[in-house]
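Participant: Just to be clear, the model below is a prediction. Sequence and coordinates:
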Amino acid sequence: MRVIHLIGGGDTGGAKTHVLNLLKELNQYIDARLFCFRKGDFSEDAAKMGIPIEVIESGNPVVGLQELKRRLEGEKVDIIHCHGARGNLMGNLIKKHLGAPVVTTVHSDYRLDYLGRPVARLSYGTTNMVALRRVNFYIGVSDPMTDILIERGFPAGRIYTIYNGIDFKTPIHTVPKEEFLQSVGMKWEPEDVIAGIAARLSPVKDIPTLLRAMAIACKKNPHLKLLLAGDGEDREKLETMAKDLGIAQKVCFAGWLGDINSFYNAIDINLLTSLSETFPYSLTEGTRMHRATIASNVGGVPVLIDDGVNGLIFQPGDEKQLAQHLLTLANDKELRDTFGERIYEKASREFSIDRMVEHQLEIYDSILRRDARQKAKKRDGTIICGAYGHGNAGDDAILKSIIQSVQELDDTMPITVLAKNTQSIKKRYRVNSLYTFNLPKMFSAMGKSVLYINGGGTLIQNATSRRSLWYYLFTLRLAKFLGNKVDMYGCGIGPVRGERNIRLVKKVLDKSVDTITLREKDSMEELEGFGVKRPEILLSSDPALVLKPASPLDVDIYLEKHGLAPDGKYICFMLRTWQGFESKAAAFAACADNAYQWYGLTPVFLSLNIFHDTAAAQKVAKHMKSPYHILDDRAEPELLIGLLSRMDVVVSMRLHGLIFSSVSGVPLVGVSYDPKIGSFLKYLGTGSCIDLGDVTGENLDQAVEQALHSLPDREALKEKAQALQEVERQNIQSVARLLDIPQ
């Protein structure tokens with residue numbers, strides 16, 4: 001594989017480090033050449049590192065393009081990889097000549113790259129924004145950077161995410177702390193605690209907030225000092241500010257440093273105060289020296305730092321919060337050491353240079369396969385339709401499972417989801433999304449796709465709305481009319497009321513659907529009652545059953561964050577507002593109070609849909625005397641599964657509350673407002689079910705007591721869920737048969 005990298009050559013900081021470290025390692029596996037459009041520190045450092053580099057010095061892009069063509073004459077290039085404004089421009093200019101796909105790595109928010117430089121922003125910034133729109137593929141450095149691209153209308157299905165990696169294998173050589181501090185002119189006493197930041201002194205790094213925080217913190221701890229490594233257009237202004245704040249004697253401006261490892265060795269606290277970042281190298285470089293870290297909540301920072309676990313996070317621009325964090329670490333050496341060790345362990349495991357290079361090679365491979373596929377096929381892609389984008393974690397789990405299964409089947413298959421909240425879908429799943437009722441775009445997408453999935457949930461029913469039934473039947477008919485294979489994936493069916501509607505369901509399903517997989521037996525009986533015969537109909541199970549729980553550590557962190565002990569004893573209620581629910585709130589409250597008093601179970605209310613479930617929990621809580629917790633912060637399905645595994649019993653009106661709990665064998669009590677609740681428990685073969693209209697405090701207490709008696713049989717309960725997990729494979733196997741993909 002031959003990849004050419006194009007970059008302006010004036011790059012500094014994280015972008016420079018990323019490109020040079022990546023190119024140095026990539027050439028062990030592929031032919032990667034670097035073209036730079038100016039001489040300077042960047043090109044010289046690349047040459048010193050042994051990176052194949054060619055410099056084309058020309059401020060005129062037309063002249064530069066002609067020279068680039070000349071040097072590549074007769075060579076086959078597989079991928080053009082661009083970095084920065086000049087690289088993006090040249091990549092777009094030469095892509096037709098080379099016939100290769102263009103990918104750009106977006107190292108920072110391009111709208112902030114020329115902050116404080118209006119002329120450069122107008123010229124280079126505008127050119128870059130135009131060039132970015134013409135690139136084939138994108139790589140965001142951190143998930144937040146990818147989210148920014150999605151928010152600005154870049155195609156979610158063509159964006160990859162990568163995180164900066166650091167070399168944790170090569171031994172680090174540093175000069176002694178005293179010698180280094182003397183070399184930069186810093187006055188220091190053994191009892192001092194030195195906070196340090198390595199950053200360009202420009203507006204986006206927000207050093208003024210740091211100086212104001214230092215002024216606050218130094219009044220309470222006079223041993224706190226600050227060392228700044230870096231230079232930039234704001235240096236003189238910042239030095240004046242330090243004097244005005246009365247902390248000039250406690251702040252050292254060291255300028256650009258060649259020995260950054262000795263800098264991190266000399267400081268006690270590593271800082272980042274930026275207003276915007278992707279995934280800054282200054283954090284991971286500090287982790288190599290086991291330094292405790294404080295950082296602003298920007299970009300990919302929360303991916304590395306678990307606030308209060310391995311570091312501290314503050315809101316950008318909040319000097320009071322930053323000052324408090326500085327004091328917390330300055331006053332506690334043991335905490336600094338603990339945070340330093342924990343962040344080193346995480347960074348060395350997840351953000352190494354080896355992992356970065358491995359991921360980059362995977363991205364290249366994916367780009368080549370997708371580019372070849374796009375050139376070879378006139379029709380391609382899968383459209384998934386369901387009740388998505390409504391803030392329901394159960395529907396999110398279904399969608400996530402379907403997307404993962406389709407991608408396991410064919411990892412370059414373009415996927416488009418029809419949803420209410422398209423931005424949410426794009427960000428969460430990195431696929432394309434269209435608004436549910438955008439008919440022109442729906443027609444266009446279905447005219448190009450090969451597969452339509454009516455995905456999960458009980459969509460073919462009119463108990464909640466006849467309009468939703470007609471909509472889903474319409475999409476099934478339209479997809480088949482426009483030439484798609486049509487699959488109904490892990491569905492529930494019914495109830496459908498009215499003979500006319502039943503006849504309509506039978507007609508559309510028989511005429512337009514190729515395969516139907518059902519999540520429980522009652523739905524099979526419904527279809528048989530409708531007289532549906534033409535599609536292949538198979539008994540499967542709910543797609544969400546195959547999602548894996550979050551790691552025990554992630555669950556512990558979540559519980560502790562919400563004031564819950566990881567090894568505590570809990571009864572979980574997963575309720576929702578529904579007709580008649582309010583009259584039953586006191587009964588649920590009595591059950592919760594009794595579980596706390598009789599069995600020592602702390603009531604926890606877990607919301608799958610914050611719009612309905614939190615309101616239901618609050619109505620119950622008004623009647624309660626015992627302590628309780630409401631968890632309603634949109635946790636991912638995997639985290640919900642992990643949380644539910646810690647419960648002693650679950651009382652749920654939510655189908656997916658029962659499904660998530662069953663994976664860990666948690667004793668279940670279902671409260672049915674819809675036949676699907678009882679249908680699942682019957683299919684699972686465990687748990688009790690009470691109709692919402694029949695709920696009393698007494699029968700809830702009896703059901704909880706019965707569930708607790710089954711605690712010793714959790715493994716047996718888990719085996720029943722595992723049996724349904726095995727059956728769930730029918731869902732994706734049916735899709736594979738439709739697409740003629742061997743299994």
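Facilitator: Alright, I've got the coordinates.
Participant: Are we agreed that residue 384 is in a helix?
Facilitator: No. Residue 384 is assigned strand when assessed by DSSP: H, G, I helix; E, B strand; the rest coil, not a helix.
Participant: count of neighbours near it?
Facilitator: 27 (other C-beta atoms under 10 Å). (Glycine included, C-beta is placed from N, CA and C.)
Participant: quick one: it and residue 399 touch, right?
Facilitator: Yes. The pair residue 384 and residue 399 qualifies as a contact (C-beta atoms under 8 Å) at a distance of 6.9 Å.
Participant: shared neighbours of the two, anything?
Facilitator: Both residue 384 and residue 399 are contacted by 417, 455, under the criterion C-beta atoms under 8 Å, 6 or more residues apart in numbering.
Participant: So which bits of stretch 11-28 are buried?
Facilitator: For stretch 11-28, burial by neighbour count (16 or more other C-beta atoms under 10 Å) applies to 11, 13-27.
Participant: meant to ask about stretch 391-406, not that
Facilitator: Applying 16+ other C-beta under 10 Å to stretch 391-406 flags 391-406 as buried.
Participant: Can you show me the strands along the stretch 451-600 of the chain?
Facilitator: Listed in chain order, the strands of the stretch 451-600 of the chain (DSSP state E, counting those that start in this stretch) span residues 451-460, 485-493, 515-518, 536-539, 570-574.
Participant: same question, the stretch 201-350 of the chain
Facilitator: Going by DSSP E, counting those that start in this stretch, the stretch 201-350 of the chain shows strands at 224-229, 251-255, 269-272, 292-296, 312-314.
Participant: will you turn those strands into a markdown table that also has mean neighbour count?
Facilitator: Below are the strands of the stretch 201-350 of the chain laid out as a markdown table (neighbours: other C-beta atoms under 10 Å):
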| stretch | mean neighbour count |
| --- | --- |
| strand 224-229 | 25 |
| strand 251-255 | 20 |
| strand 269-272 | 26 |
| strand 292-296 | 27 |
| strand 312-314 | 21 |
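Participant: now the ones you listed as a markdown table including distance to residue 82 and mean pLDDT?
Facilitator: Shown next, in a markdown table, are those (distance: least, C-beta to C-beta, whole Å; pLDDT from 0 to 100):
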| stretch | distance to residue 82 | mean pLDDT |
| --- | --- | --- |
| strand 224-229 | 29 | 96 |
| strand 251-255 | 31 | 95 |
| strand 269-272 | 26 | 97 |
| strand 292-296 | 28 | 97 |
| strand 312-314 | 32 | 97 |
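Participant: In JSON lines: these, plus distance to residue 678.
Facilitator: Below are the strands of the stretch 201-350 of the chain laid out as JSON lines (distance: least, C-beta to C-beta, whole Å):
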{"stretch": "strand 224-229", "distance to residue 678": "63"}
{"stretch": "strand 251-255", "distance to residue 678": "68"}
{"stretch": "strand 269-272", "distance to residue 678": "53"}
{"stretch": "strand 292-296", "distance to residue 678": "50"}
{"stretch": "strand 312-314", "distance to residue 678": "45"}
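Participant: quick revisit: just the ones in helices from the buried residues of stretch 391-406, please.
Facilitator: Judged by DSSP state H, the subset of the buried residues of stretch 391-406 located in helices is 393-406.
Participant: Any chance of the residues you listed in TSV with pLDDT and distance to residue 741 as columns?
Facilitator: Shown next, in TSV, are those (pLDDT from 0 to 100; distance: C-beta to C-beta, whole Å):
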residue	pLDDT	distance to residue 741
393	89	30
394	90	28
395	91	26
396	91	26
397	93	24
398	94	21
399	95	21
400	95	21
401	95	18
402	96	15
403	96	16
404	94	16
405	94	12
406	95	10
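Participant: And those, which is closest to residue 40?
Facilitator: residue 403 (44.4 Å; C-beta to C-beta).
Participant: I'd like the distance between the nearest residue to the closest one once chain neighbours are set aside and residue 470.
Facilitator: Leaving aside its sequence neighbours, residue 403 sits nearest to residue 429 (C-beta to C-beta, 6 or more residues apart in numbering; 5.4 Å). From residue 429 across to residue 470, the span is 27 Å (C-beta to C-beta, to the nearest Å).
Participant: Between these two, which has more neighbouring residues?
Facilitator: A direct count of neighbours by other C-beta under 10 Å for residue 429 and residue 470 places residue 429 higher, at 23 against 14.
Participant: Would you list the phi and psi of that one?
Facilitator: Residue 429 adopts backbone torsions of phi -120, psi 0, taken as degrees, to the nearest 10.
Participant: now do the one 3 residues further on
Facilitator: Here is the backbone geometry of residue 432 (degrees, to the nearest 10): phi -70, psi 150.
Participant: Tell me who's in contact with it.
Facilitator: So residue 432 contacts 155-157, 414-417, 426 (C-beta under 8 Å, 6+ apart).
Participant: possible to save the residues you listed as TSV with neighbour count, distance to residue 604 and pLDDT?
Facilitator: Formatted as TSV, those follow (neighbours: other C-beta atoms under 10 Å; distance: C-beta to C-beta, whole Å; pLDDT from 0 to 100):
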residue	neighbour count	distance to residue 604	pLDDT
155	15	40	95
156	25	34	95
157	17	38	93
414	22	40	95
415	23	35	97
416	24	37	97
417	27	31	97
426	24	32	95
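Participant: From those residues, which land in strands?
Facilitator: 415-417 (DSSP state E).
Participant: possible to save those residues as TSV with distance to residue 638?
Facilitator: Converted to TSV, the ones in strands among the contacts of residue 432 look like this (distance: C-beta to C-beta, whole Å):
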residue	distance to residue 638
415	20
416	24
417	19
